[in-house]
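[1] this is a predicted model, with the sequence first.
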Amino acid sequence: MTEERLFSVQRHERLLGELRRNGAVRVRELARDLGVSELTIRRDIATLAARNLVTRVHGGATLPGQVRPPDRPRPAAAFTIGMVVPSLDFYWPPIVAGARAAAAALGVTVQLRGSSYDPDEDRRQIGRLVAARQVQGLLLAPSLDGADAARMIDWIGRLPVPTILVERQPRGWTATPRQIEWVRSDHALGLEIAVHHLHEHGHRRIGLLLAKGSPTSAYLLRGWRSACAELGVSDATVVRESVTFDRPGHRRIIHDILAECRRARITALIVHSDPHAICVAQVCAEAGLGVPDDLALVSYDDEIAHLGEPALTAVRPPKNHVGRLAVEVLVSRLLDGDRRPAQGVLVAPELIVRQSSLSVYDRERQ
């Protein structure tokens, strides 16, 4: 990857960071701050808008879903929406919190239900909400793995109320009465950011360790392959998909993975998710491998990455914002009906840099 292309990735991260902090950016001000032309910033905004990460407005950009007609009042306790998520502990609480915050700001009530990563349980929980006839819309995160995915999408698309998928996305167009809308983290972009970060710090042999069964894994693999191919390091990497991380003997598996990394001269490893990455760091210490001096680590999720020893650099999906946007998109659909086209919204993750991916020189500069 050329330095110009790498700098464009950094500009995109800066632009998205300013949007998350301020809600809007102006082309003139951002061009001045970054020392580039206004045309460059307009091209950056156009690139991000094509991925549904920003909305272009006159003179700048906003986050998707934030542009509201000035004369439209917010709904006053008009709607009750149902929300079904596969877990009420790991990963999902920030999404639920974001959804509840947006709902409170819009005068909307949320009825929350927990499922269990099981399609039959998903249907039961969704069916109960619909049968009670107390909700006007649904936020859903169903299991979409395997042969049942198409049937689940078809079933959801025929529900009698509008539905937004949260951290999920249909694989393509669906032959349902209404096209299903969705809001999710751009996990592929998050993995690209991690690879670029490691490459910038001198790593040319980068491994990826995935947790089997996670709906996030396919997106992470896509982003990893894209970034490695772009950077010209794809032939010097290995991928391992963990099958027994949570079973007895998992530490032996990690020892085997580290041995494979040494054989392939891997110098950096991206691990999904935080508990797995922390376990890898612990096994590295047992094996006499220094992190990051012998093996740099980047985790994906940033739930507990700061508790690692050393503290782990991590990609942080924008969970709270995904929840907020999902409510805003659903309320917009309830207000506008079929007058606007269906939306699919990708929200960019951010990289939280800590000790596990920094060189001695970088650590001394901190």
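    Sure thing, it's come through.
[2] from here on, contacts and neighbour counts on C-alpha atoms
    Will do.
[3] helix, strand or coil for residue 89?
    Under DSSP: H, G, I helix; E, B strand; the rest coil, the three-state class of residue 89 is coil.
[4] need the per-residue pLDDT for residue 155.
    Note for residue 155: predicted pLDDT of 93.
[5] let me know the helix or strand that it is in.
    helix 148-157 (DSSP states H and E).
[6] go on, residue 93?
    Using DSSP H and E, residue 93 sits in helix 92-106.
[7] quick check: mean pLDDT of that helix?
    Mean predicted confidence for helix 92-106 is 91.
[8] just checking, what packs against that helix?
    Where contact means 3 or more C-alpha pairs under 8 Å, 6 or more residues apart in numbering; DSSP states H and E, helix 92-106 is packed against strand 109-114, helix 319-336.
[9] let me know which of those is tucked in deepest.
    Stretch with highest mean neighbour count among the helices and strands packed on helix 92-106: helix 319-336 (a mean of 22; mean count of other C-alpha atoms under 10 Å).
[10] tell me the helix or strand right after it.
    strand 344-347.
[11] residues in contact with that next one?
    Outside strand 344-347, the residues that touch it by C-alpha atoms under 8 Å, 6 or more residues apart in numbering are 51-53, 64, 181-186, 318, 321-322.
[12] returning to that earlier point: what comes into contact with the helix holding residue 155?
    Helix 148-157 has contacts (C-alpha under 8 Å, 6+ apart) with 119, 142-144, 163, 170, 174-180.
[13] hmm, back to that, which of the contacts of strand 344-347 fall in helices?
    321, 322 (DSSP state H).
[14] from the contacts of strand 344-347, which has minimum pLDDT?
    Out of the contacts of strand 344-347, that is residue 64, at 72.
[15] isn't that residue right next to residue 52, touching?
    Yes - using C-alpha atoms under 8 Å, residue 64 is in contact with residue 52, at 7.0 Å.
[16] hmm, residue 188 is touching residue 225, no?
    No - judged on C-alpha under 8 Å, residue 188 makes no contact with residue 225 at a distance of 9.3 Å.
[17] any stretches of the stretch 251-366 of the chain with poor pLDDT?
    360-366 (pLDDT under 70).
[18] quick one: buried residues of the longest helix anywhere in the chain?
    Longest helix in the chain, counting residues (DSSP H): helix 3-22. Residues of helix 3-22 classed as buried: 9, 11, 12, 13, 15, 16, 17, 19, 20 (neighbour count, 16 or more other C-alpha atoms under 10 Å).
[19] how about the contacts made by the last one?
    The reference is to residue 20. residue 63.
[20] okay, and residue 43 sits in which element?
    Using DSSP H and E, residue 43 falls in helix 38-50.
[21] which residues touch that helix?
    Against helix 38-50 from outside (C-alpha under 8 Å, 6+ apart): 8, 11, 12, 27, 28, 30, 31, 54, 55, 56, 60, 61.
[22] what pLDDT is listed against the nearest residue in space to residue 114 that is not next to it in sequence?
    Among residues not flanking residue 114 along the chain, residue 85 sits closest, at 5.3 Å (C-alpha to C-alpha, 6 or more residues apart in numbering). Listed pLDDT for residue 85 reads 95.
[23] if we can go back for a sec, name the helices or strands packed onto the helix or strand that comes right after the longest helix of the chain?
    Downstream of helix 3-22, the first helix or strand assigned by DSSP H and E is strand 24-26. For strand 24-26, the elements it packs on are helix 3-22, strand 60-62, judged by 3+ C-alpha pairs under 8 Å, 6+ apart.
[24] neighbouring strands - and their directions - for strand 24-26?
    Strand 24-26 has the following strand partners under DSSP bridges: strand 60-62 (antiparallel).
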